[in-house]
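> sequence first, then the predicted structure:
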Amino acid sequence: MLNSLKSLNNLYHQNPEKIIFVEDGMSITVKEFAEQVMSYIEKHAIQQMNIGVFSNNGIQWAIAECGLSATRNTFIPIPRFFSDDQLVHIIKDSEVSLIYTDEANYKRISNLFPNTELFLKESKTFFKCPHEEYSKHKRIIYTSGTTGAPKGVIQTEKQINIVCDALVNHFNISCNDKYFSLLPSSTLLEQIASIHCTLIGESCTVFHPKISNEIFNLKSNFVDEIAKSKISLLCLTPALLDIFLKSYEKSSLFSYPFKAITVGGAKTPLSLLNKAKELKLPVVEGYGLSECCSVLSVNHPSTNKIGTVGKVLPGMNVKIIEGEIVVSSETLMNGYKNKEAFKDHSYHTGDLGEMDHEGYLTVIGRKDEVIALKNGRNINPSWIENLVSKNLNLTDVFAFNNIHNEFSLAVRIPEERSSLNLKSLVSEIVPEYARPERIYSIQPDFIMNNTLINSSGKIDKFKLQKIINTKLTERSDHEVL
């Protein structure tokens, strides 16, 4: 059984009137939440199906997730931000039997999968925590993968409990804390942070669906909502951190101190981390993969070592073998859906890394991304990406070989810095032998029109590269997309 459900049971009997979740200013107590969770337990207790949820972030998602997780059914969180083709793939691959959704998303998902139902109505059923024998939990997390075909990562209560307990202890999450849910609930990290750590730590999560629905095109006003809610815990991507810091610096609304702001999903530019330090914000970088139950390591505000992703969490074993980060841990996945069972006791992440003498982990780049340049030199694109990102204070920089085998750089330029002379600046920063032959400036409209943002809030590098290689045939050394 998930430890979060055990905690919910304890809270139901000991502190039923505690506010556990808030959505758009409307709160729900532990008692109300648990009794609505019970409606899913009662309906699906004797079944063993694959049941999906496809909806906005919010209390109804949390209720359905907890209820289904207390049964023998397999829980399938389905990303809203995937294309219809990807959703069809998930529906087929997961062998889902039923999908729950909200009114806002019913039309889209029911057109793809007819056996779709709206979330269950409110229930006043007395909450009774199921016996552990009847609540062995499994869920399948779909990641976009490098090819665009979603892969189903199988995780169970064992892995989730280890990570949740480690994070609650690491950040000392307590009844005084509030977490603001921004990242999609279909991601394992957000499920862990916004629902399960909240229940175990007896804290509170604030949902704001309108903001989380626009996660990949957020404006600065989302920062004001965080300030008004007196949030102490936050989880961001590097792109969101960039927006947050710019708005935080100008805001006068923040009166409540943050305990921790974690950032991950991609390498965070040192300039952003140093800016956060200047602003005295407890921003800490972490690292993990869905295959390892989302979190492997994370810094702590009191011992933060900028440029690293912190020390490995208790119960997890990470080694550097021939430069690659290799994990042997109880949090390793059970395997991929419809693939051979994962029998190995170690997982080769494909990420290059280093571990210093104090145990701090640094992620350098991808092992399989080495590019052979025309001049015979081999380079890791992450080196160029980090070099340009750090020196020009840019969040999104991508290096790759295009279809003409030209070493290329694609850069997202913020509107306020649109006058940057990229070609000249890159030439000053990058050694001559590694300079890109072509540079692409990525504009906001190009990103939105081509749906380049993936479910982790990052520009999908492989999709961007594919579009450039298939649609752009003009030959110029600097092109605005």
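Perfect, thanks for sending it. Numbers count the residues shown, from 1 in each chain.

> isn't G52 right up against D93?
No. In this structure G52 lies outside contact range of D93 using CB atoms under 8 Å: 11.5 Å. (Each C-beta comes from the backbone N, C-alpha and C, glycine too.)

> so the two - more neighbours on which side?
Set G52 next to D93 and count neighbours by other CB atoms under 10 Å: G52 wins out with 29 against 18.

> for stretch 442-449, what is the average pLDDT?
In this model, stretch 442-449 has an average pLDDT of 82.

> repeat that for stretch 25-39.
Mean pLDDT, computed over stretch 25-39, is 96.

> same question for stretch 206-220.
The average pLDDT within stretch 206-220 is 83.

> now swap in stretch 367-382 and tell me
If you average the pLDDT over stretch 367-382, you get 73.

> separation between the closest residue to Q60 other than its chain neighbours and Y40?
Excluding the flanking residues, the one nearest Q60 by CB to CB, 6 or more residues apart in numbering is F119, at 4.5 Å. Using CB to CB, to the nearest Å, F119 is found at 9 Å from Y40.

> same question, L273
For L273, the distance to Y40 - CB to CB - is 41 Å.

> the two - which one has more neighbours?
When neighbours are counted by other CB under 10 Å, L273 and Y40 differ, and Y40 comes out ahead with 24 against 21.

> give me the common contacts of F119 and Y40.
Contact criterion CB atoms under 8 Å, 6 or more residues apart in numbering; residues shared by F119 and Y40: 63-64.

> can you give me the strands for the stretch 251-400 of the chain?
With DSSP state E, counting those that start in this stretch as the criterion, the stretch 251-400 of the chain has strands at 260-263, 283-287, 297-298, 311-312, 316-321, 324-329, 335-336, 347-355, 361-366, 371-372, 378-379, 397-401.

> mind giving me the packing neighbours of the third one?
Under the contact criterion of 3 or more CB pairs under 8 Å, 6 or more residues apart in numbering; DSSP states H and E, strand 297-298 touches strand 283-287.

> contacts made by the strand it packs on with the rest, please.
241, 260-264, 268, 272-273, 276-277, 295-301, 304, 306, 308-310, 361, 363.

> parallel or antiparallel, list what pairs with it.
Strand 283-287 has these partner strands in its sheet, going by DSSP bridges: strand 260-263 (parallel), strand 297-298 (antiparallel).

> out of those strands, which comes closest to S418?
For the strands paired with strand 283-287, the distance to S418 is smallest for strand 260-263, at 25.4 Å, taking CB to CB.

> list the contacts of the closest one.
171, 232-238, 241, 244, 272, 276, 281-286, 298, 300-301.

> starting from Y12, give me the distance back to Y248.
From Y248 to Y12 the distance is 37 Å (CB to CB).

> could you do S418 as well?
Counting by CB to CB - S418 and Y12 are separated by 54 Å.

> neighbour count for these two, which is higher?
Legend: neighbour count by other CB under 10 Å for S418 and Y12, higher for Y12 (22 against 10).

> show me the contacts for the closest residue to the more buried one other than its chain neighbours.
Distances taken as CB to CB, 6+ apart place A34 nearest to Y12, at 4.5 Å, with adjacent residues excluded. Neighbouring residues of A34 by CB under 8 Å, 6+ apart: 8-9, 11-12, 16, 127.

> next one: phi and psi at A34?
Backbone geometry at A34, expressed as degrees, to the nearest 10, gives phi -60, psi -40.

> and the gap between it and Q14?
For A34 relative to Q14 (CB to CB), the value is 12 Å.

> equivalent analysis for F127, please.
Where Q14 is concerned, F127 sits at a distance of 13 Å (CB to CB).

> and for L5?
According to CB to CB, L5 and Q14 sit 15 Å apart.

> so for the two, which sits in the more crowded spot?
The neighbour comparison of L5 against Q14 (other CB under 10 Å) goes to L5, with 25 against 10.

> correct me, but that one touches C129?
Yes. Using CB under 8 Å, L5 is in contact with C129, at 6.4 Å.

> quick check: neighbours shared by the two?
In contact with both L5 and C129: A70, using CB under 8 Å, 6+ apart.

> any weak-confidence spans in the stretch 351-481 of the chain?
Applying pLDDT under 70 to the stretch 351-481 of the chain picks out residues 372, 374-377, 419, 455-457, 471-481.

> all the strands of the stretch 101-250 of the chain, in order from the start?
Shown for the stretch 101-250 of the chain, the strands assigned by DSSP E, counting those that start in this stretch span residues 116-118, 138-143, 151-156, 178-181, 204-207, 233-236.

> got those strands as TSV, with mean neighbour count columns?
Shown next, in TSV, are the strands of the stretch 101-250 of the chain (neighbours: other CB atoms under 10 Å):
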stretch	mean neighbour count
strand 116-118	15
strand 138-143	23
strand 151-156	21
strand 178-181	24
strand 204-207	23
strand 233-236	24
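
> next, format the ones you listed as a markdown table and append distance to N386.
Shown next, in a markdown table, are the strands of the stretch 101-250 of the chain (distance: least, CB to CB, whole Å):
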| stretch | distance to N386 |
| --- | --- |
| strand 116-118 | 44 |
| strand 138-143 | 23 |
| strand 151-156 | 27 |
| strand 178-181 | 29 |
| strand 204-207 | 33 |
| strand 233-236 | 19 |
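
> so which of these gets nearest L464?
Closest of the strands of the stretch 101-250 of the chain to L464 is strand 138-143, at 17.6 Å (criterion: CB to CB).

> just checking: what are the partner strands of the closest one?
Strand 138-143 has the following sheet partners, assigned by DSSP bridges: strand 74-77 (parallel), strand 151-156 (antiparallel).

> so which of these gets nearest D368?
With respect to D368, and counting by CB to CB, the nearest of the strands paired with strand 138-143 is strand 151-156 at 16.0 Å.

> how far out from the middle of the chain is that closest one?
Using CA atoms, centre = their mean, to the nearest Å, the mean C-alpha position of strand 151-156 is found 15 Å from that of the whole chain.

> could you chop this protein up by domain?
If you go by automatic domain parsing, the domain ranges for the chain are 3-363, 370-480.

> among those domains, which is the most enclosed?
Among those, domain 3-363 has the highest mean neighbour count (mean count of other CB atoms under 10 Å), at a mean of 19.

> need the distance between the two termini of that domain.
When the termini of domain 3-363 are compared using CA to CA, to the nearest Å, they are 31 Å apart.

> cool, stretch 325-336 as well?
20 Å.

> could you do stretch 331-346 as well?
Distance between the two ends of stretch 331-346: 11 Å, counting by CA to CA.

> what's it in contact with?
By CB under 8 Å, 6+ apart, the residues outside stretch 331-346 that reach it are 93-94, 138, 140, 151-156, 159, 162-163, 290-293, 296, 315-316, 326-328, 347.

> now do the same contact list for V22.
With CB under 8 Å, 6+ apart, V22 has these contacts: 28, 204-207, 229.
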